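Participant: need the 3D shape of this:
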Amino acid sequence: MRCCTKNAVNVESPKKIVIEETEDCTNEEVNVENPKKVVIEETEDCTNEEVNVENPKKIVVEETEDGTNEEVNVENPKKIVVEETEDCTKEEVKPNSDLPTVSITLSDGSVYTGTVKDKRVHGRGILKYATGEEYDGEFVDGKRQGKGKWSDKENNSYEGYWENDRRHGHGIYKTADGFTFEGDFNNNKREGKGTIITPVNTKYTCTFQDDVEVGEAEFFFANGDHAIGHIKDGSLSENGRYEFKNGDIYVGSFEKGLFHGEGYYKWNNHTSYAAYEGNYFEGKKHGNGRLINRDGRILCGEFKNNNMNGEFLEISPQGNQTKVLYDHGYFIKILDVIEEKIDVEEFIKETVIHTTIFSDPHMYKKLYEIKKKERPQFRLNLKK
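Facilitator: Numbers count the residues shown, from 1 in each chain. Next up, the predicted model:
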């Protein structure tokens, strides 16, 4: 064990007080003449520890076998313990050892076991409420304040910081139905950045204002999917981006966590489809849309419950146009062949999927900036 030499200087006296540690780690105290302030300096990269003492008659500095230093003001009934860690930093612990410990029944039937001050719960204790709730932690003047654990008979629980009998500061709240929140509280309400884990092990991080989720959120789903976007009531809402574990990507509008409104979908090489641009309803392609196949064919028409349904315009990679009929996703027949050809390259350039909508993870925030372009040459007068 390394033995350090400690030098103590009496700031208010020209005399110097030296506390020396010998080879056998015993302490020798020299020339203590009623100092009011003592500065203890420790060499060999150890941090300095300053102790203010009001007229002590004796100061004892002891080092145990594990290197822990203890300083005791004999004139003070409270004991100050200074612990030295492996990196030579010191931590001072001041327990409420002078407060009496009691076990009492309060007027509301609650039972308290712990320290008291001026006939109030104060210090540290356990309070078992008549309602079935329980608190184990710190009190100040009869109120929960400091760090503590709370639980109720329904198995809801909170562990963290309190102020004026309310959750205040950093803490972890767990509900009986399996939700976990970790973050900051302000006067019993969630405030600032926090993380929630749901019963199905979905994890998301967002900002809270007055106990309400606001702004952007990032989701990590148990199946490996990932999403970012605006949050409302614990789900994606308005614009966002959803990345599937298999590599598929959706960018567009959400409602209650489902694709809803205008959206853009890109498949990742596991189907014959490449991309879709169009409308969604409650998670399904529904309404006007354009489906681009990997072979270059483009299908434009009305979708119903995720399927092509009715009359569609099929555009070949060479620009040939053909009217075809689908029924609930199944091809029925060719209705007409149009002689006029389309410039496929120009057509693709007019679509939003031609932009960086999939490669830029924050493009969903700019969707409102993308001007909706008119495409009269590609519109159909669909048969009823």
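
Participant: what ranges do the strands span in the stretch 201-350 of the chain?
Facilitator: Secondary structure of the stretch 201-350 of the chain (DSSP state E, counting those that start in this stretch): strands at 203-209, 212-220, 226-232, 235-243, 249-255, 258-266, 273-281, 284-293, 298-304, 307-315, 321-327, 330-338.

Participant: okay, helices next: where are they in this structure?
Facilitator: 344-349 (DSSP state H).

Participant: got the phi/psi numbers for the residue lying farthest from the centre of the chain?
Facilitator: Most distant residue from the mean C-alpha position of the chain: Glu339, 58.6 Å away (CA atoms, centre = their mean). Here is the backbone geometry of Glu339 (degrees, to the nearest 10): phi -70, psi -30.

Participant: which residues touch it?
Facilitator: By CB atoms under 8 Å, 6 or more residues apart in numbering, the contact set of Glu339 is empty. (Glycine included, C-beta is placed from N, CA and C.)

Participant: Lys304 too?
Facilitator: Here Lys304 is in contact with His286, Gly310, His328 (CB under 8 Å, 6+ apart).

Participant: which residues does the last one contact?
Facilitator: His328 makes contacts with Lys304, Asn305, Asn307, Asn309, as judged by CB under 8 Å, 6+ apart.

Participant: which one among those gets closest to Ile196?
Facilitator: For the contacts of His328, the closest approach to Ile196 (CB to CB) belongs to Asn305, at 32.2 Å.

Participant: is it true that that closest one touches Lys284?
Facilitator: Yes - at 5.6 Å, Asn305 and Lys284 qualify as touching, with contact defined as CB atoms under 8 Å.

Participant: between those two, which has more neighbouring residues?
Facilitator: Each of Asn305 and Lys284 has its neighbours counted (other CB atoms under 10 Å); Lys284 has more, 16 against 12.

Participant: and the residue lying closest to Thr113 once chain neighbours are set aside, how many neighbours?
Facilitator: Spatial nearest neighbour of Thr113, chain neighbours left out: Ser103 (4.5 Å); criterion: CB to CB, 6 or more residues apart in numbering. Ser103 sits with 10 neighbouring residues when counted by other CB under 10 Å.

Participant: in this protein, which residue is most central in space?
Facilitator: Nearest to the mean C-alpha position of the chain, by CA atoms, centre = their mean, lies Thr195 at 2.9 Å.

Participant: in the sheet, who's paired with Asn279?
Facilitator: With DSSP bridges as the criterion, Asn279 is bridged to Glu262.

Participant: what is the neighbour count of it?
Facilitator: 19.

Participant: could you do the one 4 residues further on as well?
Facilitator: The criterion is other CB under 10 Å. On that basis, Gly283 has 14 neighbouring residues.

Participant: now Lys256
Facilitator: 13.

Participant: that one touches Ser237, doesn't it?
Facilitator: Yes - using CB under 8 Å, Lys256 is in contact with Ser237, at 7.1 Å.

Participant: which residues touch the nearest residue to Asn187 once chain neighbours are set aside?
Facilitator: Nearest-residue entry for Asn187: Arg166, 5.5 Å, with adjacent residues in sequence omitted and distances by CB to CB, 6+ apart. Each residue near Arg166 by CB under 8 Å, 6+ apart is listed here: Arg144, Phe185, Asn187, Asn188.

Participant: can you list the weak-confidence ranges in the stretch 51-200 of the chain?
Facilitator: Confidence mapping of the stretch 51-200 of the chain against pLDDT under 70 gives the ranges 51-97.

Participant: got the residue ranges for the strands in it?
Facilitator: With DSSP E, counting those that start in this stretch as the criterion, the stretch 51-200 of the chain has strands at 59-63, 69-73, 80-84, 90-93, 101-105, 111-117, 120-128, 134-140, 143-151, 157-163, 166-174, 180-186, 189-197.

Participant: nearest to Gly278, of the ones you listed?
Facilitator: strand 189-197 (32.4 Å).

Participant: ok, the closest one: who's next to it in the sheet?
Facilitator: Under the rule (DSSP bridges), strand 189-197 has strand 180-186 (antiparallel), strand 203-209 (antiparallel) as partners.

Participant: buried residues in the first one, which are they?
Facilitator: Using 16 or more other CB atoms under 10 Å as the burial criterion, the residues of strand 180-186 that qualify are Phe181, Glu182, Gly183, Asp184, Phe185, Asn186.

Participant: ok, stretch 221-237 next?
Facilitator: Phe221, Ala227, Ile228, Gly229, His230, Ile231, Lys232, Gly234, Ser235, Leu236, Ser237.

Participant: and the end-to-end length of that stretch?
Facilitator: End-to-end span of stretch 221-237 (CA to CA, to the nearest Å): 16 Å.
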